[in-house]
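In: Here is a sequence with its predicted model. Questions after.
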Amino acid sequence: MSNDTNPRDDDIEQRITAIGLTPKDTGGMQYRHVGRSGLVASALGIGCFAFGGFVKQDEVQSVVDHALELGINYFDTSNSYGIGKSETALGLALKGAKRQRALIATKFGNRMGDGPNDVGASRIAIVRACEDSLRRLGSDYIDLYQLHWPDRETPIEETLRALDDLVRAGKVRYIGASNLFEWELCEAHFTAEKYGLGSFISAQDFYNLLYRDAEKRMEAFCVKYGVGMTSYFPLAGGLLAGAYGRNALVPGTRQANNPNTPAWQSERNWKVQEQLAEFARARGWTLAQLSIAWLLSRPATFTVIAGADKPQHLTDNIQALQIRLSVDDLIEIDRITLVDEDRSVAPVYRTLRPEKVHEFEAMQATRAGAQSRAAH
């Protein structure tokens, strides 16, 4: 267990210079800016959905302490996870000086009570949700405060002004969004620019090797306008964790206890998963490590958040940071995963204008890069 004080190196005196400390060895952890903001997050983050529920407090403490030891600083939660239980558990685990070593990314917008203002992104709902989250977290600020779902009955200007006020009050450092359509993220971006308000620096959406639709429009927008991307279900509800095969769930695991697990197990998903697992095995990787490394190779991704029931999961996942996917690797991954017809594109364009078929843009780009390098 880590101490509840700021860690001091044995050689800290040797690292002191006239302009501060010389950089400390990160132990293999990588850090990335969240979009074009100044906020820096670890490339691996912890999804805290199960904290305070499936993962009990002593286990939460072990996971959080080990994460901090590995240099992981990004913890993703929400007020609606367990209706406050996740935030409370995370706050207890980060009590004291550990709080300064962590970035807490929590969310608001889902229903938290039976009152008409206990849901949504109105000013009253946001302020109330923020105060409640701060109390549960045992903190006087939130590092990244995210709109969990769009509230289409509240003008985005009202939402952004309320969030901007929380930033100016010092209760929130940065703001982000989750589950917005591309046009909604675009509207929010230009509304903030028009009125001089703080804008969303991050977008959290559904994206993994089995479900790549985010690449068609959302990813392109985020790259263009400097919005950092992270995804939920990066391991597809455990299917890409490689922890079980067809009809082989391990009793007592989170996947076995989750009634939603069967929803992932279509024949198409199993075929793709099995090919990806073989691809990873041939290279000495686990399927989870491949899945994380691939997401980190995407141009807008700043961190990959995955749930962890025990410290060993973090030790396994951090190995993904050592993976370097080659052009040939990416082409083969595209061949395995891009197996669905893009029904938003007229079939005739597949022959006449293949570059217009969004699902194959990744494959075309990697092939073009390979051909260019071969020519030189």
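Out: In hand now; what should we look at?
In: quick one, domains of this protein?
Out: Taking automatic domain parsing as the domain assignment, the record places the domains of the chain at 28-325, 341-376.
In: most neighbours per residue, which of these?
Out: Compared across these, domain 28-325 shows the largest average neighbour count, a mean of 19 (mean count of other CB atoms under 10 Å). C-betas here are computed from N, CA, C, even on glycine.
In: least trustworthy helix or strand in the protein by mean pLDDT?
Out: Considering only helices and strands, the least confidently modelled element of the chain by mean pLDDT, DSSP states H and E is helix 361-375, at a mean of 60.
In: hmm, back to that, will you turn the domains of the chain into CSV that also has distance to L21?
Out: Conversion of these to CSV gives the following (distance: least, CB to CB, whole Å):
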stretch, distance to L21
domain 28-325, 15
domain 341-376, 39
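In: Among those, which comes closest to Q14?
Out: domain 28-325 (20.3 Å; CB to CB).
In: and the domains of the chain, which one is worst for confidence?
Out: Ranked by mean pLDDT, the domains of the chain end with domain 341-376 in last place, scoring a mean of 64.
In: mind listing the strands in the stretch 151-300 of the chain by residue range?
Out: 172-178, 202-206, 228-232 (DSSP state E, counting those that start in this stretch).
In: and if you look at the stretch 1-150 of the chain?
Out: With DSSP E, counting those that start in this stretch as the definition, the stretch 1-150 of the chain shows strands at residue ranges 16-17, 20-21, 31-33, 40-42, 44-47, 74-76, 103-108, 142-147.
In: Relative to A93, which of the ones you listed is closest?
Out: When these are ranked by distance to A93, counting by CB to CB, first place goes to strand 74-76 at 8.8 Å.
In: In terms of secondary structure, what does the closest one contact?
Out: strand 44-47, strand 103-108 (3 or more CB pairs under 8 Å, 6 or more residues apart in numbering; DSSP states H and E).
In: a markdown table for those, including distance to G307?
Out: As requested, those are exported to a markdown table (distance: least, CB to CB, whole Å):
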| stretch | distance to G307 |
| --- | --- |
| strand 44-47 | 4 |
| strand 103-108 | 14 |
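In: Looking at the ones you listed, spot the one closest to R246.
Out: With distances scored as CB to CB, the stretch of the helices and strands packed on strand 74-76 nearest to R246 is strand 44-47 (25.0 Å).
In: outside of that closest one, which residues touch it?
Out: For strand 44-47, contacts defined as CB atoms under 8 Å, 6 or more residues apart in numbering pick out 29, 63-64, 67, 70, 72, 74-76, 105, 230, 232, 292, 303-308, 314, 317-318, 320-321.
In: partners of that strand, with directions?
Out: Counting by DSSP bridges, the strands paired with strand 44-47 are strand 74-76 (parallel), strand 304-307 (parallel).
In: for the ones you listed, which one sits closest to R268?
Out: Each of the strands paired with strand 44-47 was checked against R268 via CB to CB, and the shortest separation belongs to strand 304-307, namely 22.7 Å.
In: Provide the contact partners of the closest one at residue level.
Out: Outside of strand 304-307, the residues within contact range by CB under 8 Å, 6+ apart are 43-50, 74, 76, 230-232, 234-235, 254, 288, 292, 295-296, 313, 317, 320.
In: switch to 7 Å and redo it
Out: 43-47, 49-50, 74, 76, 230, 234-235, 292, 295-296, 317 (CB atoms under 7 Å, 6 or more residues apart in numbering).
In: Correct me if wrong: I201 contacts H33.
Out: No - counting by CB atoms under 7 Å, I201 stays clear of H33, with 9.2 Å between them.
In: got any residues that touch both of these two?
Out: When contacts are counted by CB under 7 Å, 6+ apart, I201 and H33 have L39 as shared neighbours.
In: For the strands of the stretch 151-300 of the chain, give me TSV that also has distance to A121.
Out: Formatted as TSV, the strands of the stretch 151-300 of the chain follow (distance: least, CB to CB, whole Å):
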stretch	distance to A121
strand 172-178	10
strand 202-206	15
strand 228-232	19
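In: right, and the ones you listed - which one's nearest I142?
Out: Minimum separation from I142 across the strands of the stretch 151-300 of the chain (CB to CB) falls at strand 172-178, 5.1 Å.
In: C-alpha coordinates for the closest one, CSV please?
Out: Coordinates of each C-alpha in strand 172-178 appear next as CSV, following Å, rounded to 0.1, in the frame of the first residue of the first chain:
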residue,chain,number,x,y,z
VAL,A,172,-13.9,22.3,-12.1
ARG,A,173,-10.7,22.4,-14.0
TYR,A,174,-11.7,21.2,-17.5
ILE,A,175,-14.9,20.1,-19.2
GLY,A,176,-15.7,17.2,-21.6
ALA,A,177,-18.6,15.4,-23.2
SER,A,178,-19.8,11.9,-23.8
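In: The residue positioned nearest the centre of the chain and R123: what is the separation?
Out: Residue closest to the mean C-alpha point of the chain, counted by CA atoms, centre = their mean, is T230 at 3.3 Å. Relative to R123, T230 is positioned 26 Å away (criterion: CB to CB, to the nearest Å).
In: beta partners of the spatially closest residue to L166 that is not a sequence neighbour?
Out: Taking CB to CB, 6 or more residues apart in numbering, and ignoring the residues beside it in sequence, L166 has V172 as its nearest neighbour in space, at 4.2 Å. Judged by DSSP bridges, the bridge partners of V172 are I142.
In: Thought D143 was touching V172, still the case?
Out: No - the pair formed by V172 and D143 falls short of the contact definition of CB under 7 Å, at 8.2 Å.
In: Report the separation between the two terminal residues of stretch 164-184.
Out: As for stretch 164-184, its first-to-last residue distance stands at 18 Å under the measure CA to CA, to the nearest Å.
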